[in-house]
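*Asks:* I'll drop the sequence and a predicted model, then ask my questions.
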Amino acid sequence: MSIRNRLRSAVCLLSLIGAVLLSGCSYGEVSGNTYEYAKALYSICNRHDAEGLEKASQQISAAESEGKITEQEANWLQDIIADARNDHWEDAMQDCRRMMEDQIRQP
């Protein structure tokens with residue numbers, strides 16, 4: 001591959017990354033089970049409930065194993081839990097809210 005083609009590929013990749021960053025994070029459509037976990041996590045994070053957080057994490061792992069939620073949904077929820085575990089409760093709440101808001105369908 002020539003240097004020109006490599007540079008062109010790099011510019012395209014950077015443009016794509018920039019577009020994603022500018023558009024913000026979106027979860028898109030998730031299952032009803034995942035929506036319910038997001039609601040529960042929002043409440044848990046609002047209360048800074050570390051014990052509830054651990055219970056939710058276990059339930060989410062079990063739901064993924066049982067095929068009740070997808071691997072991607074479980075990863076998103078576990079990322080939210082990781083934020084809360086790192087004492088980023090507000091960020092975790094905002095991510096829960098964003099996930100729930102992403103389920104609202106616009107006409």
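*Replies:* Looks like it came in fine.
*Asks:* chain center to stretch 82-96, what's the gap?
*Replies:* Averaging C-alpha positions (C-alpha atoms, centre = their mean, to the nearest Å) puts stretch 82-96 11 Å from its chain's average.
*Asks:* That stretch: which residues count as buried?
*Replies:* Residues of stretch 82-96 classed as buried: 83-84, 89, 92-93, 95-96 (neighbour count, 16 or more other C-beta atoms under 10 Å). All C-beta spots, glycine's among them, are computed from the backbone N, C-alpha and C.
*Asks:* I'd like those residues laid out as JSON lines, including secondary structure and pLDDT.
*Replies:* Formatted as JSON lines, those follow (DSSP: H, G, I helix; E, B strand; the rest coil; pLDDT from 0 to 100):
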{"residue": "Asp83", "secondary structure": "helix", "pLDDT": "97"}
{"residue": "Ala84", "secondary structure": "helix", "pLDDT": "97"}
{"residue": "Trp89", "secondary structure": "helix", "pLDDT": "97"}
{"residue": "Ala92", "secondary structure": "helix", "pLDDT": "97"}
{"residue": "Met93", "secondary structure": "helix", "pLDDT": "97"}
{"residue": "Asp95", "secondary structure": "helix", "pLDDT": "96"}
{"residue": "Cys96", "secondary structure": "helix", "pLDDT": "96"}
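*Asks:* export these to TSV and tack on distance to Ile60?
*Replies:* Putting those into TSV (distance: C-beta to C-beta, whole Å) gives the following:
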residue	distance to Ile60
Asp83	14
Ala84	13
Trp89	18
Ala92	13
Met93	17
Asp95	14
Cys96	12
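*Asks:* Where does Lys68 fall, secondary structure wise?
*Replies:* Using DSSP states H and E, Lys68 maps to neither a helix nor a strand.
*Asks:* and it, what are its phi and psi?
*Replies:* Note on Lys68: backbone dihedrals following degrees, to the nearest 10 are phi -80, psi -20.
*Asks:* so how far is Glu90 from the residue nearest to it when sequence neighbours are not counted?
*Replies:* Counting by C-beta to C-beta, 6 or more residues apart in numbering, Lys68 lies nearest to Asn33, which is 5.1 Å off, once chain neighbours are set aside. Distance from Asn33 to Glu90, counting by C-beta to C-beta, to the nearest Å: 25 Å.
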